[in-house]
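>>> Coordinates only, no sequence provided:
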């Protein structure tokens, strides 16, 4: 598990939802960006957010309770 963090099931579920909402927001920014620089920033943020989501969903262990 990453850096020894352990999340309760409800904490992990909430964290996943928060990160998915952020990803949706960045994907909206990509579609609606007014310039290349704004679009590149949103694309980078979306990529970083996807990596976070992969780590949360895959690598963190879940504490019982």
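Sure thing, it's come through. Only a predicted model underlies this, so the values are computations on that prediction, with no experimental measurement involved.
>>> Where do the helices of the chain begin and end?
9-32, 36-58 (DSSP state H).
>>> Any chance of JSON lines for these, columns mean pLDDT and mean neighbour count?
Using the backbone N, CA and C atoms, a C-beta is placed for each residue, glycine as well. Putting those into JSON lines (pLDDT from 0 to 100; neighbours: other Cβ atoms under 10 Å) gives the following:
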{"stretch": "helix 9-32", "mean pLDDT": "95", "mean neighbour count": "14"}
{"stretch": "helix 36-58", "mean pLDDT": "94", "mean neighbour count": "14"}
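>>> Please determine how far residue 9 is located from residue 15.
11 Å (Cβ to Cβ, to the nearest Å).
>>> To clarify, my last question referred to residue 57.
Taking Cβ to Cβ, one finds residue 57 at 10 Å from residue 15.
>>> How about residue 7?
In terms of Cβ to Cβ, residue 7 sits 7 Å off from residue 15.
>>> do the same with residue 53
9 Å.
>>> swap in residue 52?
For residue 52 relative to residue 15 (Cβ to Cβ), the value is 9 Å.
>>> From residue 51, how far out is residue 11?
Taking Cβ to Cβ, one finds residue 11 at 20 Å from residue 51.
>>> brain fart, residue 25
Distance from residue 25 to residue 51, by Cβ to Cβ: 16 Å.
>>> Tell me who's in contact with the nearest residue to residue 43 once chain neighbours are set aside.
Leaving aside its sequence neighbours, residue 43 sits nearest to residue 30 (Cβ to Cβ, 6 or more residues apart in numbering; 5.7 Å). By Cβ atoms under 8 Å, 6 or more residues apart in numbering, the residues touching residue 30 are 39, 42-43, 46.
>>> With residue 50 instead?
residue 23.
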